[in-house]
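Enquirer: Curious how this folds, go ahead:
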Amino acid sequence: QVQLVESGGGLVQPGGSLRLSCAASGGIFGFNSLAWYRQAPGKERAFVAGTNWVGGSAIYVDSVKGRFTCSGDKNTVYLQMESLKPEDTGVYYCAAARFGTAATTAGVEYWGKGILVTVSS
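Expert: Model (predicted):
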């Protein structure tokens with residue numbers, strides 16, 4: 001049974017940093033793609049960052065480029081978040097795809113339960 005477990009969320013002041021982690025288990029050969037999505041209050045869940053391990057490059061939504069770094073391997077993905085802004089607040093979900101890409105909701109096969117990040121003074 002595939003499980004994605006997020007950790008590392010919490011409350012941080014604007015300008016601060018947080019590191020999210022996601023441990024993925026149950027995939028026999030690991031996952032081709034792991035990603036992070038964010039659901040801000042009152043908004044739909046949206047892609048933030050992710051990578052396909054075949055090829056190895058990470059992609060980001062424009063609003064986090066230069067501030068967030070996505071890294072990891074076929075069973076773990078991290079999201080290092082720097083210079084956090086109040087608009088980064090939301091529930092962050094880990095997403096995984098065994099063969100395709102997790103960079104689109106259509107490609108996501110598995111979701112974590114989500115972890116709350118609050119950026120506020």
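Enquirer: Let me see the contact set for the residue most central in space within the chain.
Expert: The residue lying closest to the centre of the chain (Cα atoms, centre = their mean) is residue 36, at 1.9 Å. Residues near residue 36 by Cβ atoms under 8 Å, 6 or more residues apart in numbering: 20, 22, 47-50, 70, 77, 79, 92-95. (Glycine included, C-beta is placed from N, CA and C.)
Enquirer: Correct me if wrong: residue 1 contacts residue 26.
Expert: Yes. Contact criterion Cβ atoms under 8 Å: residue 1 and residue 26 qualify, at 5.2 Å.
Enquirer: More neighbours: which of the two?
Expert: residue 26 (12 against 5; other Cβ atoms under 10 Å).
Enquirer: where's that one relative to residue 111, distance?
Expert: Residue 26 sits at a distance of 13 Å from residue 111 (criterion: Cβ to Cβ, to the nearest Å).
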